[in-house]
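Colleague: Give me coordinates for this.
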Amino acid sequence: MEANDFIKHCHTLLQTISTPMDISKLQGEQNIMILHNLQLEGFMDLSVRENGIMFSFGASDKNVYLIKNTDKHLFDPPVYYNDGDLFLEESSNFLLIELALWISTKSKNTYSIRKFNYLKIRDYFPIWIRYDYCLQTLRINESLSSFFIRQGDKKITFVAPSPEVLDNILESVDCKKESSEQKSTSNKIFEVDLSGKKLNVELAYSPDSPQTEIDKWLSILKPEELDKMKIRLSKKLTKDVFSQTDNVSKHDLVEQTNLLCGDLSIDKIIVDKGYITIIFLAPNVLPDYVINCQLNKRLSIIDYYLE
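Modeller: Predicted structure coming up:
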């Protein structure tokens, strides 16, 4: 990617959270140093070492990356893992996606959808940013200073500079936005006891006997069955995260799976027709995310995603 394009895309992304960017002072800098010099709190840790620039992103990313001194003359240098193995041949798309993900956690004007007409949304955001093995892709609308992040085929999160622009985007791509009042009144909330812990259960529909429906699910969610399901979910999530990496051993995968499984705790349960969604937290392993896991009545995992 050319330097002018990278700087322009950074400027567009940062406009969504009204972060100033003096483009005139960034000419001649390497892409990683442009982001470092912006001093975005909580975005990136960077240090200059003898062998190059070491950097990582936030507490939830355990990977440490390296840009070698031998590539310091390149604007868009390759990225290596800290052990020297190659990660990506070029770094700019990787850095832009990480910046967009960080901004999406800071912006007040975001909206996520899971049912969408991707062709229509894609045409509205013509600039496409991606790289191999990435779970997310980024598309940008420069004229609206807006973007969206797509997580596979599961979810799209729009980010805009204002509520008005966000509403305009959603209307233009035929995405209906629920108000907070609609969300709070559409689901009835019940407090239940699950394995000695008080939890909120939301009913996403209106059965004839709400309590009977909830009790049916509680009878299925036995501690030993929940433990088995948490192991399956942890394996899937760990495999997704490390599928981007070629140099991870089976021992590392088992260790990360066990760490995540031991950290999972149920925050909330949503009951729908024929399935439930369990909202998990993993405050130590994935502190910046909530984990959504949809299960059928056999506690088989239908779908799962982070947000």
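Colleague: going forward, measure contacts and count neighbours with C-alpha atoms only.
Modeller: Fine.
Colleague: just checking, what packs against whichever strand or helix holds Ile276?
Modeller: With secondary structure defined by DSSP states H and E, Ile276 is part of strand 275-282. The helices and strands touching strand 275-282, judged by 3 or more Cα pairs under 8 Å, 6 or more residues apart in numbering; DSSP states H and E, are helix 250-263, strand 265-272, strand 286-295.
Colleague: So what's the gap between the following helix or strand past the last one and the chain middle?
Modeller: Translated: strand 286-295. Proceeding C-terminally, strand 286-295 gives way to strand 301-306 as the next helix or strand, assigned by DSSP H and E. Relative to the chain's own centre, strand 301-306 is displaced by 13 Å; criterion: Cα atoms, centre = their mean, to the nearest Å.
Colleague: Now strand 301-306: buried residues?
Modeller: Using 16 or more other Cα atoms under 10 Å as the test for burial, strand 301-306 gives Ile301, Tyr304, Leu306.
Colleague: Next: stretch 20-38.
Modeller: Neighbour-count burial for stretch 20-38, with 16+ other Cα under 10 Å as criterion, is recorded at Met21, Leu26, Glu29, Gln30, Asn31, Ile32, Ile34, Leu35, His36.
Colleague: nearest spatial neighbour of the fifth one, skipping sequence neighbours?
Modeller: Closest residue to Asn31 apart from its sequence neighbours, by Cα to Cα, 6 or more residues apart in numbering: Phe75 at 5.8 Å.
Colleague: Show me where the stretch 1-150 of the chain has its helices.
Modeller: Taking DSSP state H, counting those that start in this stretch as the criterion, the stretch 1-150 of the chain carries its helices at 3-15, 31-37, 92-106, 118-124.
Colleague: Redo those helices as TSV? Include mean pLDDT and distance to Asp83.
Modeller: Conversion of these to TSV gives the following (pLDDT from 0 to 100; distance: least, Cα to Cα, whole Å):
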stretch	mean pLDDT	distance to Asp83
helix 3-15	92	27
helix 31-37	91	19
helix 92-106	92	19
helix 118-124	86	37
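Colleague: Looking at those, spot the one closest to Asp167.
Modeller: Asp167 sits nearest to helix 118-124 of all these, at 13.8 Å, using Cα to Cα.
Colleague: That closest one packs against which elements?
Modeller: Right, helix 118-124 is packed against no helix or strand by 3+ Cα pairs under 8 Å, 6+ apart.
Colleague: For Ser195, find the nearest of the helices of the stretch 1-150 of the chain.
Modeller: Of all the helices of the stretch 1-150 of the chain, helix 92-106 comes closest under Cα to Cα, at 32.4 Å.
Colleague: For the stretch 201-307 of the chain, give me the ranges with low pLDDT.
Modeller: Filtered on pLDDT under 70, the stretch 201-307 of the chain yields the residue ranges 242-248.
Colleague: Need the phi and psi values for the closest residue to Leu218 other than its chain neighbours.
Modeller: Excluding its sequence neighbours, the residue lying closest to Leu218 (Cα to Cα, 6+ apart) is Leu194, at 7.2 Å. Taking degrees, to the nearest 10, you get phi -120, psi 110 for the backbone angles of Leu194.
Colleague: For burial, what's the neighbour tally of Leu194?
Modeller: Number of residues near Leu194 (other Cα atoms under 10 Å) recorded here: 15.
Colleague: Asn200 versus that one, what's the distance?
Modeller: As defined by Cα to Cα, to the nearest Å, Leu194 lies at a distance of 10 Å from Asn200.
Colleague: Tell me the neighbouring strands of the strand holding Ile276, and mark each as parallel or antiparallel.
Modeller: strand 265-272 (antiparallel), strand 286-295 (antiparallel) (DSSP bridges).
Colleague: Only alpha carbons, please: show stretch 136-146 as PDB.
Modeller: Backbone C-alpha positions of stretch 136-146 (Å, rounded to 0.1, in the frame of the first residue of the first chain) are rendered in PDB as follows:
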ATOM      1  CA  GLN A 136     -12.200  -9.700  10.100                       C
ATOM      2  CA  THR A 137     -12.300  -7.500   7.000                       C
ATOM      3  CA  LEU A 138     -12.700  -3.800   6.800                       C
ATOM      4  CA  ARG A 139     -14.600  -1.600   4.300                       C
ATOM      5  CA  ILE A 140     -14.600   2.200   4.200                       C
ATOM      6  CA  ASN A 141     -16.800   4.900   2.900                       C
ATOM      7  CA  GLU A 142     -14.600   8.000   2.700                       C
ATOM      8  CA  SER A 143     -17.300  10.500   1.800                       C
ATOM      9  CA  LEU A 144     -19.200   9.600   5.000                       C
ATOM     10  CA  SER A 145     -16.000   9.100   7.200                       C
ATOM     11  CA  SER A 146     -17.500   5.800   8.100                       C
END
